[in-house]
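Trainee: Predicted model and sequence follow; I will ask about them next.
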Amino acid sequence: MSEWWKRAVFYQIYPKSFRDTNNDGIGDLNGIREKLPYLRELGIDALWISPIYLSPQVDNGYDVSDYRQIDPMFGTNQEMYQLIDEAHEWNIKIVMDFVANHTSDQCLWFQESRKSKDNFFSDFYIWKDGKSDGSAPNNWGSSFGGSAWSWDASRQQYYLHYYAKEQPDLNWENPTVREYIYDMMRFWKAKGVDGWRMDVITSISKNLDFPNNPRDFTTENQQNGPRMHEFIHEMNQEVLKPFRMMSVGESPAAKSTDAHLLVDPKREELDMIFTFEHMHVDRKKGDINGRWALKSMDLPDLKKILASWQTELRDKGWNALYFENHDRARVISRWGNDERYRYECATAFAIILHGLQGTPFIYQGEEIGMTNTKFELEEYEDIELRGNYEFYVEQQKTMSKEEFLKAVHKISRDNARTPMQWDQSANAGFSQAQPWFKVNPNYTQINVAVDQANEKSIFKLYQELIRLRHSERILTEGSFELLYPNDRALFIYQRKLEQEYWYILANMSEEYQKIPKELTELVGEFKIKNNSERSDLMEDLAPYEAFIVRRTSLK
Ligand code: TEU
Ligand code: CA
């Protein structure tokens, strides 16, 4: 297995909230450098760093105004180059966030583009005339609420934006745009960057017939446009392959059955993609309130989706595995119990994820079991949350404020964006100044220092899991089989390599559960467990108990 990323465990950093060293309340590059020993101690192999480029921060850096400049808020270019070098000295690879479906409206390209229809940058974005009555070209919606089109008074045309109006979509049909982007990638390669996480890469090709969506202001047009594969393949040939850069693409609409079209190595597109399928198991499909229409999580659904990705991509691609990132709530608050069973629950989710085939991604704070927040509406920062509140509660009036806030507490992106909780000192040891975003008040109990000192340490279990992934070939290469798919409490699967059998068992409920009879026939060696009392397969599983056991013989 030659690809380094197949044996790697990744850690995602949301720099704004990771560690502030100059006490302006905002996390910075030197904060990441300061924590390299911590990350090495955890054992991870690579960092995905969310955007740190020059940006007006309308969407926390996912609105880039200059791809070659580090935003002064985070530090200097020099400091970034130093971070890359130092990380490499620690044997940690660096993956940057590639945000090239759109730029900031403050980007020079857009500033020029909006001036006229016939300058060098005119076709860098997607401009269209309004309808004869002056209204927008079609009914496409923005992910942040309302229309995906905004009127530009200087150019006297509409421009397209799948996200905020300050995030105009680039026109990938224009070969110069693509060349500019490839060149930016080469620039960072020259500084030592090892790969890319690609923001909404599956949105780069647009349907140029601009057909209406069935309902106004929805977003189903955004994914898998007609030239998507062609553009991604070209980028692979121009940059990824010749410079050996690793890639993981964000792919909101891919299904396990068509994912291979993006990640089959023979097609030379991407190395991995992040699926959204398993993230939608607590959402009512097709509901008028979109992602805010929640239902309780269905465990059989979650198991079947994860299993289908395991089976469908076997020998046809490679999975990226995650439960959390900067767009997702804390998994133990969303699908588990973050109070009574916080340790058990956090480690159970870790064990079921890291037991799968693929490359695991840990999100900052996940390794110590950080939780969601329950702030007041006014205290949140996220543009998605605010835009959607305006749209669903104030304009469309299909949700009450209370219903919306309840959904926010479950799934909003800001749940993952509170400052990292390092210790019990003021502001959780994140900063000596008031942080840009409120710290979760539970930091006095939940933080790195306390967790590491605990007998029951989530961090230590992650360390063990990562060690296992590095040393045990079966975790990377073994085959996968889901057992008891319809069981509503147990998550059990088997990994197999040659004559070696491993079983991953987790009780994802708050009740004691019997271990299925067939499995009690096994004699095993426990590779990792979150219940120190576990020594055989006879005892019932405690709430959120999880372990990995290697079969040594049958009784
Ligand atoms: O997210 C893309 C995306 O699909 C999101 O709209 C996602 O569905 C939503 O955030 C879930 O609540 C990427 C980035 O990860 C996100 O942070 C950015 O805001 C977005 O692209 C625009 O760049
Ligand atoms: Ca700072």
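Mentor: Cool, got the structure. Ligands and ions are numbered 1, 2, ... in the order given.

Trainee: who does Tyr53 bridge with?
Mentor: Ile70 (DSSP bridges).

Trainee: From Val281, how far out is the residue nearest to Ser509 when sequence neighbours are not counted?
Mentor: What sits nearest to Ser509 in space, not counting adjacent residues and going by CB to CB, 6 or more residues apart in numbering, is Ala489, at 3.8 Å. In this view, the C-beta of every residue, glycine as well, is placed from N, C-alpha and C. Separation of Ala489 from Val281 (CB to CB, to the nearest Å): 15 Å.

Trainee: what do you get for His409?
Mentor: Applying CB to CB, the value for His409 to Val281 is 18 Å.

Trainee: And for Tyr163?
Mentor: To Val281, Tyr163 is 24 Å away according to CB to CB.

Trainee: same thing with Arg227?
Mentor: Separation of Arg227 from Val281 (CB to CB): 31 Å.

Trainee: and those two? which has more neighbours close in?
Mentor: Val281 (19 against 15; other CB atoms under 10 Å).

Trainee: Over in this protein, which residue gets nearest ligand 1? Let me know.
Mentor: When scored by CB to the nearest ligand atom, the chain has Tyr62 as its residue closest to ligand 1, at 3.4 Å.

Trainee: does that residue belong to a helix or a strand, and which?
Mentor: Tyr62 belongs to no helix or strand when assigned by DSSP states H and E.

Trainee: Just give the closest residue to it, not the sequence neighbours.
Mentor: The shortest distance from Tyr62 to any non-neighbouring residue, by CB to CB, 6+ apart, is to Val99 (5.4 Å).

Trainee: what sits against the one you found?
Mentor: Contacts for Val99 (CB atoms under 8 Å, 6 or more residues apart in numbering) come out as Pro51, Tyr53, Gly61, Tyr62, Asp63, Val64, Asp199.

Trainee: How many residues are close by the first one?
Mentor: Here the count is done by other CB under 10 Å, and Pro51 has 25 residues near it.

Trainee: try the fifth one
Mentor: A count of neighbours around Asp63, defined by other CB under 10 Å, yields 25.

Trainee: So it is in contact with Ser55, correct?
Mentor: Yes: Asp63 lies in contact with Ser55 (CB atoms under 8 Å); the separation is 5.4 Å.

Trainee: Give me the common contacts of these two.
Mentor: Ser104.

Trainee: From one end of stretch 169-181 to the other, what's the distance?
Mentor: Distance between the two ends of stretch 169-181: 13 Å, counting by CA to CA, to the nearest Å.

Trainee: Could you give me the buried positions within that stretch?
Mentor: Neighbour-count burial for stretch 169-181, counted by 16 or more other CB atoms under 10 Å, picks out Asp169, Leu170, Asn171, Trp172, Asn174, Val177, Arg178, Tyr180, Ile181.

Trainee: Stretch 33-46 too?
Mentor: Arg33, Lys35, Leu36, Leu39, Leu42, Gly43, Ile44, Asp45, Ala46.

Trainee: Could you do stretch 494-512 as well?
Mentor: Residues of stretch 494-512 classed as buried by neighbour count (16+ other CB under 10 Å): Gln494, Arg495, Tyr501, Trp502, Tyr503, Ile504, Leu505, Ala506, Asn507, Met508, Ser509.

Trainee: mind listing what the residue of the chain closest to ligand 1 touches?
Mentor: Counting by CB under 8 Å, 6+ apart, the residues that Tyr62 touches are Pro51, Ser55, Asp97, Val99, Tyr163, Gln167, Asp199.

Trainee: at 10 Å what do you get?
Mentor: By CB atoms under 10 Å, 6 or more residues apart in numbering, Tyr62 lies in contact with 50-51, 53, 55, 97, 99, 101-102, 104, 163-164, 167, 199-200, 326-327, 383.

Trainee: what's the pLDDT at it?
Mentor: Tyr62 is assigned 98 on the pLDDT scale.

Trainee: ok so, going back, the residue nearest to Ser509 contacts Pro516, doesn't it?
Mentor: No: between Ala489 and Pro516 there is no contact under CB atoms under 10 Å: 11.3 Å.

Trainee: buried sites along stretch 264-280?
Mentor: Asp264, Arg267, Glu269, Leu270, Asp271, Met272, Ile273, Phe274, Thr275, Glu277, His278, Met279.

Trainee: For those, work out which two are farthest apart.
Mentor: Pairwise distances across those peak at 25.0 Å for Arg267 and Met279 (criterion: CB to CB).

Trainee: quick revisit: take the contacts of Tyr62 and keep only those in helices.
Mentor: Among these, the residues falling in helices (DSSP state H) are Ile383.

Trainee: Could you list the contact residues of the protein toward ligand 2?
Mentor: Residues of the chain lying near ligand 2 by CB under 5 Å from the ion: Asp20, Asn22, Asp24, Ile26, Asp28.

Trainee: could you measure the fourth one against Ala254, distance?
Mentor: Applying CB to CB, one obtains 34 Å for the distance of Ile26 from Ala254.

Trainee: Determine the number of other residues adjacent to whichever residue of the stretch 101-250 of the chain sits closest to ligand 2.
Mentor: Going by CB to the ion, ligand 2 is nearest to Ser104 of the stretch 101-250 of the chain, at 20.7 Å. Close neighbours of Ser104, defined as other CB under 10 Å, add up to 27.

Trainee: got it, and Tyr484?
Mentor: Burial of Tyr484 is recorded as 17 neighbouring residues (other CB under 10 Å).

Trainee: again, but for Ser333
Mentor: Neighbours of Ser333 under the rule other CB under 10 Å: 22.

Trainee: can you tell me which residues contact it?
Mentor: Counting by CB under 10 Å, 6+ apart, Ser333 has contacts 339, 342, 345, 369-374, 409-411, 415.

Trainee: can you list contacts of the lengthiest helix in the chain?
Mentor: Counting residues, the longest helix found in the chain (DSSP H) is helix 175-190. Contact with helix 175-190 is made by 53, 64, 66-68, 80-81, 84, 94, 96, 98, 100, 103, 109, 120-121, 123-125, 170-172, 174, 193-196, 204, 231, 234-235, 237-240, 242-245, 247, as judged by CB under 10 Å, 6+ apart.
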